[in-house]
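J.: Next one to model:
(one chain, ligands or ions: 1)
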Amino acid sequence: PGLNTLAVAKGKTYFGSATDNGELSDAAYTTILKNSKEFGVITPGNSMKWDATEGTRGTFTFTNGETIVKFAEANGQKVRGHTLVWHSQLPSWVSSGGFSAAELTEIIQTHVTNLVTNWKGRILHWDVVNEIFNDDGTYRTSVFYNTLGEEFVSIAFKAARAADPAAKLYINDYNIDGTGAKSTAMYNLVQKLLAAGVPIDGIGVQAHLISGSVPSTLATNWASFASLGVDVAITELDIRMTTPSDATKLAQQATDYGTVVKACVSVPRCVGITVWDYTDKYSWIPSVFSGQGAALPWDELLVKKPAYAAIASAL
Ligand code: XIL
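T.: Now for the predicted structure:
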């Protein structure tokens, strides 16, 4: 039936995949990507980031993001917008700083307002802020935090809500999969911001995981997030291993994918799962984690791995 069809039948909103512009010329790849029975939501892996959309102050480039939005729309799929305010892939005109608080506030508002308005009504979720915490739960140093303190978070969310009231607004991070200091920091911040009236609709759990080391507290942690009254989305799932893969490692990975999907199924407000691309052919993992890879449910030849069947049977 396809993973998205199965997810929807389980009461979820979608099963989805990230993609990137360069991959859309690979016809064998897009034949699978465009199948809305497999993927109900597409996330642009890079083309909505700050460096791709406002590389020069006040000059906005939407072409590559639009290509992916049009691809999704042509195939009956929705889009997760990714991402508005992030310390990485940030052009140097922003990251080099030197702004007053008022000036950086205006820069954030202009960036968020222009992107969200441009795609108004066409984006299911926006990852409004991304990766703001260190693993110990303290705030990450960035031009945003250094200039504005945690206020930059509410500035971004309020601008996004004003520009597209229909989009669900997410705060997204990694290593908030299981319980721990970083998850506690996320819980506490979202609780505080909701109490202050900041429009946050969901917590995005990236879930860049390691095969054989998937936390045992996924469902507990996601239910805790949901108890705040927000949705939870698994936004960038991949489960890496030391390459090359073999049958034993692929079986472990299948078990791990099943664990993650079952945890989402068990939490009613876990609304959907996105894999950070669907095939090992286009995974970001080998370029960043040396000697690691084979992290996705389809292999480099676009053949389904054991993980695919494990996801399907967990849904
Ligand atoms: C990654 C992309 O997949 C790569 O192509 C790019 O070179 C770096 O960024 N967390 C995120 C994503 O929120 O935006 C990152 O995507 C992966 C980690």
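
J.: CA only for contacts and neighbour counts going forward, please
T.: Fine.

J.: Which element, helix or strand, includes the nearest residue to T56 once chain neighbours are set aside?
T.: Counting by CA to CA, 6 or more residues apart in numbering, the nearest residue to T56 once its immediate chain neighbours are dropped is W93, at 7.3 Å. Using DSSP states H and E, W93 sits in helix 92-95.

J.: Let's verify the spatially most central residue of the chain: helix, strand, or coil?
T.: With distances taken as CA atoms, centre = their mean, the residue of the chain nearest its centroid is T235 (3.3 Å). Following DSSP: H, G, I helix; E, B strand; the rest coil, T235 is assigned to strand.

J.: swap in R80?
T.: strand.

J.: How many neighbouring residues does it have?
T.: Counted with other CA atoms under 10 Å, residues neighbouring R80 total 26.

J.: what do you get for the one 4 residues further on?
T.: Burial of L84 is recorded as 23 neighbouring residues (other CA under 10 Å).

J.: What of V271?
T.: Using other CA under 10 Å, the number of residues around V271 comes to 20.

J.: Tell me if it really is in a strand.
T.: Yes. Using three-state DSSP, the assignment for V271 is a strand.

J.: the helices in the stretch 51-200 of the chain, which residues?
T.: Along the stretch 51-200 of the chain, the stretches classed as helices by DSSP state H, counting those that start in this stretch are 63-74, 92-95, 101-118, 143-148, 151-163, 181-195.

J.: what's near enough to touch S183?
T.: Neighbouring residues of S183 by CA atoms under 8 Å, 6 or more residues apart in numbering: G137, N175, I176, D177, N221.

J.: Within reach of the ligand, which of those are there?
T.: Contacts with the ligand within these, counted by CA under 6 Å from any ligand atom: none were found.

J.: Turn the residues you listed into CSV, columns for pLDDT.
T.: CSV is the format used below for these (pLDDT from 0 to 100):
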residue, pLDDT
G137, 98
N175, 98
I176, 98
D177, 98
N221, 99
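
J.: Now flag whichever of the residues you listed is closest to the ligand.
T.: Distances from the ligand to those, taken as CA to the nearest ligand atom, are shortest for N175 (10.6 Å).

J.: for the closest one, what are its contacts?
T.: N175 sits in contact with D135, K182, S183, V205, Q206, A207, H208, where contact means CA under 8 Å, 6+ apart.

J.: pLDDT wise, what is the third one at?
T.: So that's S183. pLDDT for S183: 99.

J.: Please consider this matter closed, and thank you.
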